[in-house]
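> I need the structure of the sequence given here:
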Amino acid sequence: MMPLTGHLSQISRRVENLDRARTFFRETLGLTELYAFPGLAFFDLSGTRLMLRETGTTTEADVLYFHTEDLAAAHQTLASKAVAFSRAPHLIHTHPDGSEEWMAFFHDDEGRDLALHTITRP
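Prediction:
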């Protein structure tokens, strides 16, 4: 059985100008901004994160991040089904509270990016 929870944990949206996009999502749409890094900003969509990523273009496809409680097991299950991973499970970020975000990237049947995502708590 696939160890996915059945919900998206994050959606990635490429934007041309991050400052302009942050203003729109925060002030125009009224979304709560969680935090930001150079080139990235994260907003809360009722428990699903929206990640804005400045790329200077919006022509690339966006990424769906599937939540899993067990990243290693999900990776192994998909790999056993001949899913091509472009990046194996790896640590993305450690938050100030010590929780860690881990991801693994793979492709759908048309070669578009998808990801597995988990957060481990201390």
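> Touching, Ala41 and Met51? I think so.
Yes: assessed by Cβ atoms under 8 Å, Ala41 is found in contact with Met51 at 7.5 Å. Where C-beta positions appear, they are placed from N, C-alpha and C, glycine not excepted.
> and the two? which has more neighbours close in?
Looking at Ala41 and Met51 with other Cβ atoms under 10 Å, you find the greater number of neighbours at Ala41, namely 21 against 17.
> how close does that one sit to Arg26?
Ala41 sits at a distance of 8 Å from Arg26 (criterion: Cβ to Cβ, to the nearest Å).
> Give the intersection of the neighbour lists for those two.
Taking Cβ atoms under 8 Å, 6 or more residues apart in numbering as the contact criterion, the common neighbours of Ala41 and Arg26 are Glu33.
> so which strand or helix has His7?
When secondary structure is defined by DSSP states H and E, His7 falls within strand 4-15.
> Sweet, I'm off.
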